[in-house]
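Asker: with the input below, show me the fold.
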Amino acid sequence: MNLSKKEIHIIGDNEFIDNKQLYSYIYKSIHVATKLKKDVTIAFLQANTNNKGLIFHPMWLAKMLVIADRKPFPPKQSSVNCFIDAVSGYRGLLTSDMRISRRFVDESKVISPKIKAAYEVEKYIKDVQRTQINRSYILKKPKHKIIHYSLVYLPLWKIDIDSDCVSNPLFLNANTGESEKYLSSQWETNRWLKVK
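Answerer: The predicted structure follows:
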């Protein structure tokens, strides 16, 4: 079986949580009421896993410059980063720079973006500037400059567990082990694709 490989830029250091750690994070992500059931343990989750594997979800990362006038002083310039989910359009500000690395992956594990064209990405970036950055400036709104943006991929563990008490599939960030339940719930909606 010859799998086609594709080189992509991924968020993170290329070191993912391993199989042993994965089930601890799965257990942590499960609802408290489910954990209280005696038969739901890490061993139960391992024994009832139908399918698990890495997938690579497309995200746009953008670096911007915010220029705020402060007359008579020189303008204050600050660098800001944002993300746009390339499938749902869900977007927001990032608190820090993301480390990006290259990796060859099976092409079948790479999710195709819905937001592809430069003009589409820019309208979502401008929406973040207008709705999330500008609201922290009460009087005069700042000027914005897009420095650059690029398509990267967020590595996710996708896990299917054969149990009524666990919602399927589960998506966990392969870098941190954190649940991506909210992010994955947006993939089936068109709510974020609309820009005012």
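
Asker: after the longest strand along the chain, which helix or strand is next?
Answerer: As assigned by DSSP state E, the longest strand anywhere in the chain is strand 49-70. Toward the C-terminus, strand 49-70 is succeeded by strand 73-85 as the next helix or strand (DSSP states H and E).

Asker: list the buried residues in the next helix or strand after that following strand.
Answerer: For strand 73-85, the following helix or strand on the C-terminal side (DSSP H and E) is strand 91-94. Buried positions in strand 91-94, judged by neighbour count with 16 or more other CB atoms under 10 Å: residue 91. All C-beta spots, glycine's among them, are computed from the backbone N, C-alpha and C.

Asker: quick one: the helix or strand just after strand 91-94 to strand 49-70, angle?
Answerer: With elements assigned by DSSP H and E, the helix or strand that comes after strand 91-94 is strand 100-106. Angle, strand 100-106 to strand 49-70, by axes from the mean of the first three to the mean of the last three CA atoms, to 10 degrees: 150 degrees.

Asker: got the CA positions of strand 100-106 in CSV?
Answerer: Taking Å, rounded to 0.1, in the frame of the first residue of the first chain, the C-alpha atoms of strand 100-106 are listed here in CSV:
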residue,chain,number,x,y,z
ILE,A,100,5.5,26.2,13.2
SER,A,101,7.3,23.2,11.9
ARG,A,102,7.3,21.2,8.7
ARG,A,103,6.3,17.6,8.4
PHE,A,104,5.6,15.0,5.8
VAL,A,105,2.2,13.4,6.4
ASP,A,106,-0.2,11.0,4.7
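
Asker: what packs against it?
Answerer: Applying 3 or more CB pairs under 8 Å, 6 or more residues apart in numbering; DSSP states H and E, one finds that strand 100-106 contacts strand 5-11, strand 49-70.

Asker: 10 Å instead?
Answerer: If you count contacts as 3 or more CB pairs under 10 Å, 6 or more residues apart in numbering; DSSP states H and E, strand 100-106 packs onto strand 5-11, strand 49-70, strand 143-161.

Asker: and the longest one, what's buried?
Answerer: Residues of strand 49-70 classed as buried under the neighbour-count rule (16+ other CB under 10 Å) are 49, 52, 55-64, 66.

Asker: hmm, back to that, tell me which of the helices and strands packed on strand 100-106 lies nearest to residue 33.
Answerer: strand 143-161 (16.1 Å; CB to CB).

Asker: now the angle from the closest one to strand 5-11?
Answerer: Using the same axes, to 10 degrees: strand 143-161 against strand 5-11 is 120 degrees.

Asker: buried set for strand 143-161?
Answerer: Neighbour-count burial for strand 143-161 [16+ other CB under 10 Å]: 144, 149, 151-159, 161.

Asker: residue 16: which of the residues you listed is nearest?
Answerer: Taking CB to CB as the measure, residue 16 lies nearest residue 155 of those, at 6.0 Å.

Asker: isn't that closest one up against residue 54?
Answerer: Yes. Here residue 155 reaches residue 54: they are 5.8 Å apart, a contact under CB atoms under 10 Å.

Asker: shared neighbours, the two?
Answerer: 16, 105, 109, 174 (CB atoms under 10 Å, 6 or more residues apart in numbering).
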